[in-house]
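Visitor: Coordinates only, no sequence provided:
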């Protein structure tokens, strides 16, 4: 899930978001039987961009649905809560027969802490793990407090911050991305959220 709010324009223009896609694809390829990942972008609205795979990842950001400037996202404001709800509903409609790992990339500017807390708490009832990644931004707000959120069925998310994607090795990147996912999988199986 890619933040495409106005503050991200420079990241898109400089190819940073495409670089994120390039760096994350190996993880998706190892996770998914189809060797692809579903991709969304969000600002005020959320748009499903389709699948990214080995055959179309190059220049995906500039090609998908006419390129990032043409994505149908409404005003380029942050609306993380709607994006989280839209992705959750997508997988509910798909049947949720497998655990889902979602990478949510944002440069911050998070404003609707109450809305995000509400949809993440609700999403904890589904077999979906949310890995939030801060990319070269600030004002991450509630994302930094995810581990302190109470009243969820289980801890279904994690956050880490990257100042610059170039400053982190592949090993460190994947360690951060997978830090809490194994423990979530274990707990989700123990409570019957995921079939053993």
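Guide: Yep, that arrived. Note that the coordinates shown come from a computational prediction; the quantities given were computed from them, not determined experimentally.

Visitor: mind checking the longest strand of this protein?
Guide: strand 128-138 (DSSP state E).

Visitor: so residue 4 makes contact with residue 71?
Guide: Yes. The criterion here is C-beta atoms under 8 Å, and residue 4 meets it with residue 71 at 6.0 Å. Backbone N, C-alpha and C define where each C-beta goes, glycine included.

Visitor: Quickly list what's touching both of the two.
Guide: residue 41 (C-beta atoms under 8 Å, 6 or more residues apart in numbering).

Visitor: Which residue of the two possesses the greater neighbour count?
Guide: residue 4 (29 against 22; other C-beta atoms under 10 Å).

Visitor: name the element the closest residue to that one other than its chain neighbours belongs to?
Guide: Leaving aside its sequence neighbours, residue 4 sits nearest to residue 41 (C-beta to C-beta, 6 or more residues apart in numbering; 4.3 Å). Assigned by DSSP states H and E, residue 41 falls within strand 36-42.

Visitor: average pLDDT across whichever helix or strand comes after that strand?
Guide: The helix or strand immediately downstream of strand 36-42 is strand 46-53, counting by DSSP H and E. Averaged over strand 46-53, pLDDT sits at 96.

Visitor: what's strand 46-53 packed up against?
Guide: helix 16-31, strand 36-42, helix 80-94 (3 or more C-beta pairs under 8 Å, 6 or more residues apart in numbering; DSSP states H and E).

Visitor: Just name the most buried of these.
Guide: The highest average neighbour count among the helices and strands packed on strand 46-53, using mean count of other C-beta atoms under 10 Å, belongs to strand 36-42 at a mean of 22.

Visitor: quick one: strands adjacent to it?
Guide: strand 2-3 (parallel), strand 46-53 (antiparallel) (DSSP bridges).

Visitor: Give me the distance from it to the chain's centre.
Guide: Computed by C-alpha atoms, centre = their mean, to the nearest Å, the chain-centroid distance of strand 36-42 equals 8 Å.
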